[in-house]
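>>> would you be able to build a 3D model of this:
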Amino acid sequence: MHIPRKRLFWVVGLGHLTNDVFMSMSSVILAFLSASVLPMSNTQIGFAISATQLAGALSQPFFGWRADRSGGRWLAAGGVAWNVSLFVLAIFLAVTTHEYWLLFIPLVLRGLGSGAFHPVGSLHAAEAEREHVAGNMALFFLAGQMGLAIGPALAGFLLDLANPAGPTPDANFAPLFALALAAVPGVLGMAFYIPNHKAHRDNMDALDADKPVAPRLAIPWRAFAILGLLVGLRSLAQPGSVAFIPVLFQQKGWDPAQYGLITSFFWVAAGISGVYFGHLADRYDRRRVIMWSLVTGAVAYFLLPLFDNALAFVLAIAAGGLTGGSHSIIVVLAQELIPASKGFASGAILGFIFGMGALGSFIIGSISDGIGLGTTFQLVAISTAIAGLLALVLPSRNAKVEEN
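The predicted structure is shown next:
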């Protein structure tokens, strides 16, 4: 397996880990706040989380467009700093004012920081070593997936440590405020090592000199429409269904530690498998790698609601790994469709993935109220299989095959 050697790659990787650790804490913190200092309904909690995700999703194309022109040094560093700062502010306002909307506003606005970081990070992870684009992108997204897995567990651990009596009206959130200092290395690293505007433009001009002249934003709309439909169907599984994995197993009588663990396994599997599939995509036809991963992942999704023993953990790992493994490949495909504006392409496709994931969670919740969560997961499996087959309709490229 190729290990990236460029410092720039590891800087944006650390930024991704930091950003996603703090973003993924929201559900745990809102649940704790609701049981302690600021009672909230499930609708209010869900609305705050969905609005935060949408703020990041809808802003990513704009920030990606800016990153193509400036290199995005201050978008990335400032975005993570903004995210963490408003995270602290949201908790502080909730604790001191007990007002939902004073929590809601900074919580949602911090999504813009995540929206600013992701296209910049994706751009530089891809550009760091052009001969290993898919593999590097997989490692970059692995850092984010590890953040998603670490954040909820870390938030719960710190809240338990500071509040041994459980949620009370005078709950202690000091460890979460102190945790904000952990973001400093990632923010400073990006501020120092992401190329400034002049260095970025010089690099882009040198690359453009070796390419035939083409319209800067010549977008192949048919291919993008197919990719968009694939992403929309896949997003019901990844990331739309993840919020309901705890609910699925809570309904089977599992305790919080058990269904929290199976959810973390799902995320970890998605991140680790992304590295493997990313390297496969550097060697073989990316469309077929996506197809096989999603079709086989659909089988695991279909079977997951049928088991409530150790086999459920195996199926959760398979479902997360197989459906999540294509994440970085989809971003690379979008960048290849608009090679002159990779930042815009990254922002557009990531924004669409996260936006459709938020919409997917709403759709799954609505359908499951009528037909049950187990049956809904099996419908998600069907949509995932269809998404995999759509990959074969995408424009082909010469498969890169390396003989060892």
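>>> next SSE downstream of the helix-or-strand element of the chain with minimal mean pLDDT?
Here the helix or strand of the chain ranked lowest by mean pLDDT, DSSP states H and E is helix 197-209, holding a mean of 59. Note on helix 197-209: by DSSP states H and E, the next helix or strand toward the C-terminus is helix 221-234.
>>> low-confidence regions, the stretch 301-404 of the chain specifically.
Within the stretch 301-404 of the chain, the ranges that satisfy pLDDT under 70 run 340, 342-343, 397-404.
>>> buried ones in the helix or strand encompassing residue 281?
Using DSSP H and E, residue 281 falls within helix 256-283. Residues of helix 256-283 classed as buried: 258-283 (neighbour count, 16 or more other CB atoms under 10 Å). Every C-beta, even on glycine, is put in place using the N, C-alpha and C of the backbone.
>>> which elements pack onto that helix?
If you count contacts as 3 or more CB pairs under 8 Å, 6 or more residues apart in numbering; DSSP states H and E, helix 256-283 packs onto helix 133-162, helix 245-250, helix 286-303, helix 310-324, helix 327-337.
>>> what angle separates it from helix 286-303?
Per axes from the mean of the first three to the mean of the last three CA atoms, to 10 degrees, the angle that helix 256-283 makes with helix 286-303 is 160 degrees.
>>> mean confidence score for helix 256-283?
Across helix 256-283, the average pLDDT comes to 79.
>>> chain center to it, what's the gap?
12 Å (CA atoms, centre = their mean, to the nearest Å).
>>> what angle separates that helix from helix 133-162?
Using the same axes, to 10 degrees: helix 256-283 against helix 133-162 is 170 degrees.
>>> quick check: angle from helix 256-283 to helix 310-324?
Using the same axes, to 10 degrees: helix 256-283 against helix 310-324 is 40 degrees.
>>> run the angle between helix 256-283 and helix 327-337 for me.
Using the same axes, to 10 degrees: helix 256-283 against helix 327-337 is 40 degrees.
>>> related to what we said a few turns ago, which of the helices and strands packed on helix 256-283 is buried the deepest?
helix 327-337 (a mean of 25; mean count of other CB atoms under 10 Å).
>>> quick check: closest non-adjacent residue to residue 162.
Nearest non-adjacent residue to residue 162, counting by CB to CB, 6 or more residues apart in numbering: residue 172, 4.2 Å away.
>>> so the one you found, which state does it fall into?
Of the three states, residue 172 takes coil under DSSP: H, G, I helix; E, B strand; the rest coil.
>>> next one: it from residue 31, what distance?
Separation of residue 172 from residue 31 (CB to CB, to the nearest Å): 16 Å.
>>> and for residue 158?
14 Å.
>>> tell me the contacts of residue 259?
Shown in contact with residue 259 (CB atoms under 8 Å, 6 or more residues apart in numbering): 245, 246, 248, 249, 250.
>>> related to what we said a few turns ago, what's the pLDDT at the residue nearest to residue 162?
For residue 172, pLDDT reads 90.
>>> I'd say it and residue 163 touch.
Yes: contact criterion CB atoms under 8 Å: residue 172 and residue 163 qualify, at 5.6 Å.
>>> below-threshold pLDDT in the stretch 101-250 of the chain: ranges please.
Using pLDDT under 70, the stretch 101-250 of the chain drops low at 128-132, 134, 197-219.
>>> give me the neighbour count for residue 181.
Neighbours of residue 181 under the rule other CB atoms under 10 Å: 9.
>>> that one in helix, strand or coil?
Applying three-state DSSP: residue 181 is helix.
>>> what packs against whatever helix or strand residue 367 lives in?
When elements are defined using DSSP H and E, residue 367 is found to belong to helix 342-371. Other helices and strands packing on helix 342-371, by 3+ CB pairs under 8 Å, 6+ apart, are helix 42-70, helix 100-127, helix 221-234, helix 327-337, helix 373-390.
>>> in it, what's buried?
Going by neighbour count (16+ other CB under 10 Å), the buried part of helix 342-371 is 342-361, 363-365, 367-368.
>>> before we move on, what about stretch 385-395?
385, 386, 387, 388, 390, 391, 394.
>>> same question, stretch 28-40
Those would be 28, 29, 30, 31, 32, 33, 34, 36, 37, 38, 40, for stretch 28-40 by 16+ other CB under 10 Å.
>>> domain boundaries for this protein, per the record?
Here the domain parsing of the chain from automatic domain parsing is 1-211, 214-404.
>>> now residue 302, nearest residue through space, not along the chain?
Distance criterion CB to CB, 6+ apart; nearest residue to residue 302, sequence neighbours excluded, is residue 381 at 3.8 Å.
>>> now for the one you found: which residues touch it?
Counted by CB under 8 Å, 6+ apart, residue 381 has contacts 237, 298, 299, 301, 302.
>>> quick check: residue 319 touching residue 297?
Yes: the criterion here is CB under 8 Å, and residue 319 meets it with residue 297 at 5.8 Å.
>>> now for the two: what residues contact both?
Counting by CB under 8 Å, 6+ apart, the residues touching both residue 319 and residue 297 are residue 237.
>>> where does residue 237 fall, phi/psi-wise?
Backbone torsions for residue 237, taken as degrees, to the nearest 10, come to phi -90, psi -50.
>>> tell me how many other residues surround it.
29.
>>> that one and residue 77, how far apart?
Distance from residue 237 to residue 77, by CB to CB: 33 Å.
>>> what do you get for residue 226?
35 Å.
>>> with residue 354 instead?
21 Å.
>>> and what of residue 320?
Taken as CB to CB, the span from residue 320 to residue 77 is 31 Å.
>>> rewinding a little: just the closest of the contacts of residue 259 to residue 377, please.
residue 248 (6.8 Å; CB to CB).
>>> apart from its chain neighbours, what residue comes closest to that closest one?
residue 373 (5.2 Å).
>>> so that neighbour sits right up against residue 245, yeah?
No: in this structure, residue 373 is not within contact of residue 245 by CB under 8 Å, at 9.7 Å.
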